[in-house]
Structures are given as C-alpha cells and as structure tokens.
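In: predicted model and sequence below, questions to follow.
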Amino acid sequence: MPSGATQYPGWLWLKRAPLVLALFSFSALAQTVAEVRIESYKFVPAEVSIKAGDSVRWINHEKRTSHSVVFPAEGGLESERMFPDESWQRRFEKPGRYDYHCGPHPEMKGSVVVGE
C-alpha cells in the first residue's frame, strides 16, 4: 500500500477534499453578478450585458414603492415584489435577449443581453 494511503478508500478522498473544495470555489468565483438599480421609476442601466451562466441582481432603491421584474416572452415569469432596499436575483443560462418590465409599472422597461 502506498505511503499515506489507508485501507479505506474514502479516507484518501477526504485527504484531497480541500483541493476539490478550492477548485469548486474558484469556479464559483468565475461567475459574475451584474447589478441593476431601481430608482426614480427606472431600471439603471436599462440594458445590461452578461455572459451565459452569469446573474443579474435587481435592487430597489426607491423610498416608498415596490417593483417586480416581468419577462413577457417567458410566459410572464415574474419576480417577487421588491420593497425598498430589497433585491431579486436571476441566473441566465442561455444566450439571447431577455426584455423585461416592471409588474406594477409596465412603462419601466429593461433588457438583459446574454452572450456566449
């Protein structure tokens, strides 16, 4: 039996667990989260570009009103209502253009452009 190995194969894996965890943590850090501020009844920026696998976080910076994010092309998929200082986040896996608007304020519009 090689030096440092035991008769229990599971123990050998546990000795390497820190390396596996470090690699996993590094891949998680490679993903980005773009932020969109909700202020003055606008999405700022109105268009955000990300890569497939990245996320967007919408943060409500209004003082007295709630907002949501609705994706009409996806059957009306809608976020939870975000009250002041709350946020909602979504990960985008597939490339494309994702247009959205605010549920209670449909005049508020934005887009997420997802590249390769």
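Out: Yep, that arrived.

In: helices of this structure, start to end?
Out: 9-29 (DSSP state H).

In: point to the helix or strand of it where mean pLDDT is at its lowest.
Out: Lowest by mean pLDDT, DSSP states H and E among the helices and strands of the chain is helix 9-29, with a mean of 50.

In: please name the bridge partners of the residue sitting nearest the centre point of the chain.
Out: Among the residues of the chain, the one closest to the centroid is residue 55, at 2.6 Å (Cα atoms, centre = their mean). Note on residue 55: beta-bridge partners residue 33, residue 91, judged by DSSP bridges.

In: ok, it touching residue 92?
Out: Yes: if you go by Cβ atoms under 8 Å, residue 55 and residue 92 touch, sitting 7.0 Å apart. (C-beta placed from N, C-alpha, C; glycine too.)

In: so what's the residue count around the nearest residue to residue 48 once chain neighbours are set aside?
Out: Leaving aside its chain neighbours, residue 48 sits nearest to residue 34 (4.8 Å; criterion: Cβ to Cβ, 6 or more residues apart in numbering). Residues near residue 34, counting by other Cβ atoms under 10 Å, number 17.

In: and the gap between residue 34 and residue 41?
Out: 20 Å (Cβ to Cβ, to the nearest Å).

In: ditto for residue 96
Out: 26 Å.

In: with residue 114 instead?
Out: Distance from residue 114 to residue 41, by Cβ to Cβ: 25 Å.

In: same check on residue 100?
Out: Taking Cβ to Cβ, one finds residue 100 at 15 Å from residue 41.

In: leaving out chain neighbours, which residue sits closest to residue 39?
Out: With Cβ to Cβ, 6+ apart, the residue lying closest to residue 39 is residue 61, at 4.3 Å.

In: what does the one you found show for phi and psi?
Out: Phi and psi for residue 61, reported as degrees, to the nearest 10, are phi -100, psi 20.
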